[in-house]
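Asks: Got a sequence here, can you model it:
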Amino acid sequence: MGRCSRMLGGRCIMRENLILIIEDEEKLLFTLRDYLRMNGYRVLTACDGNSGLEIFYDHMHEIDLLLLDIMMPGINGSEVLKEVRKQSDLPVIMMTAKESIESQLTSFEQGADDYIIKPYVLAVVKVHIEAILRRAGKISEQVTAGVVLVDSGAGKVYIDGEDIEATRKEFELMVFLVQNQNLVLKREKILNSVWGYEYSGNQRTVDTLIKQLRKKMGKYGTYIRSIYGAGYVFEVNTDETA
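Replies: Numbering: from 1, shown residues only. Model (predicted):
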């Protein structure tokens with residue numbers, strides 16, 4: 001697991017992901033490289049499609065994400081993407097000045113995971129990268145509350161250092177509770193956030209899953225407190241963690 005590159009309010013995002021940038025505009029390439037390195041990523045760079053593919057083949061099993069310019073001399077980004085897709089399901093974000101819907105649709109049809117239009121804001125590129133890496137399970141975000149640690153990358157819940165072997169829905173519920181700790185959450189809000197607005201079940205589903213979580217948490221099940229007539233609140237009992 002990577003090092004903790006940011007820690008705020010019990011949240012630690014672990015990063016040492018390796019990103020390959022293939023971009024023929026040298027100034028843009030180096031600016032993006034330096035920005036990502038400052039934000040905890042390891043970066044490989046190439047200024048054309050041929051050298052980019054060579055690096056890809058050499059580090060295929062190490063690279064976590066590819067940032068790929070479309071319009072390049074020689075082998076363009078679309079051709080690079082086709083070659084990459086023959087070998088790997090590596091997450092790929094296309095970067096281009098082409099704004100047409102047709103260009104975007106073509107990129108997605110060829111296997112791109114995301115599409116960013118130039119000129120772009122570096123912070124926005126970072127957000128896109130984080131979203132794609134999370135979706136691909138390549139970035140681990142750990143959130144702590146008292147003795148509870150939730151690792152989104154591993155899909156694990158730990159209580160006082162022990163894995164409680166939560167089901168997928170129990171894990172998703174715990175993530176939501178911990179991320180909203182100290183807030184009173186109505187059953188409807190929990191249902192919509194964890195199960196989705198199209199879920200046809202009723203609010204008793206929430207009560208059932210809360211009961212299961214409390215049981216697995218043992219004495220720390222008191223972290224999840226019922227609020228009569230309202231819902232639930234996740235609060236750390238400082239006496240128990242002292």
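
Asks: buried residues in stretch 49-64?
Replies: Of the residues in stretch 49-64, those with enough neighbours to count as buried (16 or more other Cβ atoms under 10 Å) are 49, 52-53, 55-56, 63-64. Yep, even glycine has a C-beta here, placed from its N, CA and C like the rest.

Asks: Just name the closest of these to residue 22, please.
Replies: residue 52 (3.5 Å; Cβ to Cβ).

Asks: The buried residues of stretch 49-64 into CSV, with extra columns for pLDDT?
Replies: Formatted as CSV, these follow (pLDDT from 0 to 100):
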residue, pLDDT
49, 95
52, 96
53, 96
55, 97
56, 97
63, 95
64, 94
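
Asks: so where's this structure shaky on pLDDT?
Replies: 1-15, 140, 197-201, 238-242 (pLDDT under 70).

Asks: how about the strands of it, start to end?
Replies: Secondary structure of the chain (DSSP state E): strands at 3-8, 11-15, 18-22, 42-46, 65-69, 92-96, 114-117, 140-145, 148-151, 156-159, 162-163, 185-186, 224-227, 231-234.

Asks: How is this protein divided into domains?
Replies: Listed domain ranges for the chain are 18-135, 141-241 (source: automatic domain parsing).

Asks: For residue 133, find the nearest of the strands of the chain.
Replies: So among the strands of the chain, strand 65-69 is nearest, using Cβ to Cβ, at 6.1 Å.

Asks: can you give me how far that closest one is from the chain middle?
Replies: 17 Å (Cα atoms, centre = their mean, to the nearest Å).

Asks: other SSEs contacting that strand?
Replies: When contacts are defined as 3 or more Cβ pairs under 8 Å, 6 or more residues apart in numbering; DSSP states H and E, strand 65-69 packs onto strand 18-22, helix 77-87, strand 92-96, helix 122-135.

Asks: Please identify the most buried of the strands of the chain.
Replies: Among the strands of the chain, strand 65-69 has the highest mean neighbour count (mean count of other Cβ atoms under 10 Å), at a mean of 25.

Asks: Which neighbours in the sheet does it have, and how are they oriented?
Replies: In the sheet, strand 65-69 lines up against strand 18-22 (parallel), strand 92-96 (parallel) (DSSP bridges).

Asks: So which residues make contact with stretch 220-239?
Replies: Applying Cβ atoms under 8 Å, 6 or more residues apart in numbering, the contact partners of stretch 220-239 are 145-148, 159-160, 177-178, 180-187, 189-190, 206, 210, 213-215, 217, 240.

Asks: repeat that for 6 Å
Replies: Stretch 220-239 is contacted from outside by 145-147, 159, 177, 181-182, 184-187, 210, 214, using Cβ atoms under 6 Å, 6 or more residues apart in numbering.

Asks: between the buried residues of stretch 49-64, which is closest to residue 41?
Replies: residue 64 (8.7 Å).

Asks: The closest one contacts residue 136, doesn't it?
Replies: No: here residue 64 lies out of contact with residue 136, judged by Cβ atoms under 6 Å, at a distance of 7.7 Å.

Asks: Good, we can wrap up now.
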